[in-house]
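Asks: how would this look folded up:
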Amino acid sequence: MLEAIGNALRIPELRRKILFTLGLFLVFRILAHIAVPGADKAALDKLFNTNAFLGLLDLFSGGGLSTFSIIAMGVNPYINASIIMQLMTVVSTRMKELSKEGEFGRRKITRWTRWLTVALGLLQAWGLTLVFSRQGVLSNLSWLGIVEIMITLTAGTVMLMWFGELITEYGIGNGISLVIFAGIVGRIPNTIYNLLTGGGQSNLAPMLLFAALAIVVTAFIIEVQQAQRKIPIQSAQRVVGRKIYQGRSSHLPLRVNQAGVIPIIFAISIMFFPVIIGNFLATAASPWGDISRALRTYWVPTGPNIPTDILYNFVYFVLIFGFTYFYTAVTFDPVDTADYLKKHAAFIPGIRPGVATAQYLDRTMTRITFAGALFLGGVTVLIPLLATALTRIPTQNMYLGGTAILIVVGVALDTMKQIETQLIMRQYKGFIK
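Replies: Alright, predicted model coming up:
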């Protein structure tokens, strides 16, 4: 990996791309420390120290939510908008046809995704403002002040969306993923400091145990992220015009974790709804006051030994498990894959082309996805609880551990693959010249 980075820095074109990406990272980290006026810092710190779920949301904003900065929402609205548009390509025939119209269709879907990002950003900004005002972080807010905060937070999300698109076009790697990656990496020094000095006492021994667990979990995540089921593919001999193309053997790679971290983002969005509803109903005259207090008191992950937390973690795990199957079904269509193989005179040895191939791929992907769903649920929910029991480090820090490592490892692997691809392309280009 280090050799690939060193080779990339020696090439002027790749060096400019890497430096451009790092420059936008720097601007992103500066924006994360520009706070929205009117927030009570002490109340904000108290809220995040007692609520691990807000820490999960803060993970995707690169620490901007814990400081209530102008980029407090991060790229969450854009990610949700992108997921919705992907789902629409499955539900809507018009959207599916548009997605197959090449560059024109892609630009149109991108434009709709941006507008949907603004709408979801305003909605999420309203929810965050409501939650923070109920918790004493924001006080004496008028309607004008609420609208001002909503516009500010939404503008911050749109700016990060723009940064991601610039990185994708002029930098290296997937821009949106790298924005999340930069936010997580930027928080590592502060997180380590808090773990070492938590409660004013030295936590060196638990920290060493936590580091050992992190190394083991990282190695496990890398293995699963790289794991594939290779389906053998045999191409038949074809005659095109006067040319004869000989048959050849290849394989169809099916990833174990086909869905990536999207199911986790889905689950977090769903789990946040009860918090918003509880704060919305938190009024003295409301007949739903008991429900509101129950949601605000118990619908938070604080440890594995409380019955309400067992229910919370169970619901969280089930949502991740279910969304893994759902999103995999959206991104991988066995019928389309079988038709593609049939059109190109390719087949799976021992399986008849067409319907039988689609059924075989569907059964295989279902079994693989079961392992991927257990992996995502275990890394996000079960491993943090196990690590908390072993190290006695607060749960809110552990909940960030598994998800953060999963995102960092996934983005780092994808980015390194792109850098290596760029290096290989340059070698071929030089050979042709």
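Asks: what about residue 249, neighbour count?
Replies: 9 (other Cβ atoms under 10 Å). C-beta coordinates here come from the backbone N, C-alpha and C atoms, glycine included.
Asks: for it, list the residues it contacts.
Replies: By Cβ atoms under 8 Å, 6 or more residues apart in numbering, residue 249 lies in contact with 232-235.
Asks: so what's the residue nearest the centre of the chain closest to, chain neighbours aside?
Replies: For the chain, residue 261 is the residue whose C-alpha lies nearest the centre (Cα atoms, centre = their mean; 4.4 Å). Distances taken as Cβ to Cβ, 6 or more residues apart in numbering put residue 407 closest to residue 261, at 5.6 Å, once the chain neighbours are dropped.
Asks: could you report the pLDDT at that neighbour?
Replies: On the pLDDT scale, residue 407 is placed at 81.
Asks: so how far is residue 58 from it?
Replies: 13 Å (Cβ to Cβ, to the nearest Å).
Asks: will you turn the contacts of residue 249 into a markdown table that also has neighbour count and distance to residue 21?
Replies: Output for the contacts of residue 249, formatted as a markdown table (neighbours: other Cβ atoms under 10 Å; distance: Cβ to Cβ, whole Å):
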| residue | neighbour count | distance to residue 21 |
| --- | --- | --- |
| 232 | 13 | 38 |
| 233 | 16 | 36 |
| 234 | 16 | 41 |
| 235 | 16 | 39 |
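Asks: now, which of those residues lie within strands?
Replies: 232-235 (DSSP state E).
Asks: from those residues, which single one is nearest residue 371?
Replies: Among those, residue 232 lies closest to residue 371 (Cβ to Cβ), at 20.1 Å.
Asks: correct me if wrong: that closest one contacts residue 350.
Replies: No - with contacts counted by Cβ atoms under 8 Å, residue 232 stays clear of residue 350, the gap being 9.1 Å.
Asks: where's the residue nearest to the centre of the chain relative to residue 10, distance?
Replies: Distance check for residue 261 against residue 10: by Cβ to Cβ, it reads 33 Å.
Asks: equivalent analysis for residue 64, please.
Replies: In terms of Cβ to Cβ, residue 64 sits 35 Å off from residue 10.
Asks: okay, these two: which has more neighbours?
Replies: residue 64 (28 against 9).
Asks: in a helix, that's where that one is, yeah?
Replies: No - assigned with DSSP: H, G, I helix; E, B strand; the rest coil, residue 64 falls outside any helix and is coil.
Asks: what residues are up against it?
Replies: 31-32, 58, 70-74, 156, 183.
Asks: now do residue 128
Replies: Contacts for residue 128 (Cβ under 8 Å, 6+ apart) come out as 65, 72-73, 153.
Asks: between those residues, which is closest to residue 86?
Replies: For the contacts of residue 128, the nearest to residue 86 is residue 73 (20.2 Å; Cβ to Cβ).
Asks: so where does that closest one fall, helix or strand?
Replies: Counting by DSSP states H and E, no helix or strand carries residue 73.
Asks: find me the pLDDT at it, would you?
Replies: At residue 73, pLDDT is 86.
Asks: give me phi/psi at it?
Replies: Backbone torsions of residue 73, given as degrees, to the nearest 10, read phi -90, psi -10.
Asks: ok, it touching residue 152?
Replies: No - counting by Cβ under 8 Å, residue 152 is not a contact partner of residue 73; they are 10.3 Å apart.
Asks: so these two - more neighbours on which side?
Replies: Neighbours per residue, other Cβ under 10 Å: of residue 73 and residue 152, the larger number sits with residue 73, 25 against 16.
Asks: before we move on, the earlier item: just send the contacts of residue 64 back as CSV, with distance to residue 48 too.
Replies: CSV is the format used below for the contacts of residue 64 (distance: Cβ to Cβ, whole Å):
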residue, distance to residue 48
31, 19
32, 14
58, 7
70, 18
71, 16
72, 12
73, 15
74, 15
156, 19
183, 15
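Asks: mind checking which of the residues you listed land in strands?
Replies: Filtering the contacts of residue 64 for strands - DSSP E - leaves nothing at all.
Asks: so where's the stretch 51-200 of the chain uncertain?
Replies: 51-53, 55-56, 194-200 (pLDDT under 70).
Asks: in it, which spans are strands?
Replies: Using DSSP state E, counting those that start in this stretch, no strands are found in the stretch 51-200 of the chain.
Asks: can you pull out the helices in it?
Replies: According to DSSP state H, counting those that start in this stretch, the stretch 51-200 of the chain carries its helices in the segments 52-60, 76-91, 93-99, 102-134, 143-170, 175-196.
Asks: just checking, what packs against the third one?
Replies: The reference is to helix 93-99. Helix 93-99 is packed against helix 76-91, helix 102-134, with contacts defined by 3 or more Cβ pairs under 8 Å, 6 or more residues apart in numbering; DSSP states H and E.
Asks: outside of stretch 363-372, which residues touch it?
Replies: Applying Cβ under 8 Å, 6+ apart, the set of residues contacting stretch 363-372 from outside is 224, 229, 231, 254-259, 324-325, 328, 332, 334.
Asks: using PDB, write out every CA atom in the host helix or strand of residue 215.
Replies: Secondary structure assigned from DSSP H and E places residue 215 in helix 204-226. Taking C-alpha atoms only, helix 204-226 is exported to PDB below (Å, rounded to 0.1, in the frame of the first residue of the first chain):
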ATOM      1  CA  LEU A 204      -4.200   2.900  29.900                       C
ATOM      2  CA  ALA A 205      -4.900  -0.800  30.600                       C
ATOM      3  CA  PRO A 206      -8.500  -0.800  29.100                       C
ATOM      4  CA  MET A 207      -7.200   1.300  26.200                       C
ATOM      5  CA  LEU A 208      -4.500  -1.300  25.400                       C
ATOM      6  CA  LEU A 209      -7.100  -4.000  25.500                       C
ATOM      7  CA  PHE A 210      -9.300  -1.900  23.300                       C
ATOM      8  CA  ALA A 211      -6.400  -1.400  20.800                       C
ATOM      9  CA  ALA A 212      -5.900  -5.200  20.700                       C
ATOM     10  CA  LEU A 213      -9.600  -5.700  20.000                       C
ATOM     11  CA  ALA A 214      -9.600  -3.000  17.400                       C
ATOM     12  CA  ILE A 215      -6.700  -4.700  15.500                       C
ATOM     13  CA  VAL A 216      -8.500  -8.100  15.600                       C
ATOM     14  CA  VAL A 217     -11.700  -6.500  14.400                       C
ATOM     15  CA  THR A 218      -9.900  -4.600  11.700                       C
ATOM     16  CA  ALA A 219      -8.300  -7.800  10.300                       C
ATOM     17  CA  PHE A 220     -11.700  -9.500  10.500                       C
ATOM     18  CA  ILE A 221     -13.400  -6.600   8.600                       C
ATOM     19  CA  ILE A 222     -10.700  -6.600   5.900                       C
ATOM     20  CA  GLU A 223     -11.100 -10.400   5.300                       C
ATOM     21  CA  VAL A 224     -14.900 -10.100   5.000                       C
ATOM     22  CA  GLN A 225     -14.800  -6.900   2.900                       C
ATOM     23  CA  GLN A 226     -12.500  -8.700   0.400                       C
END
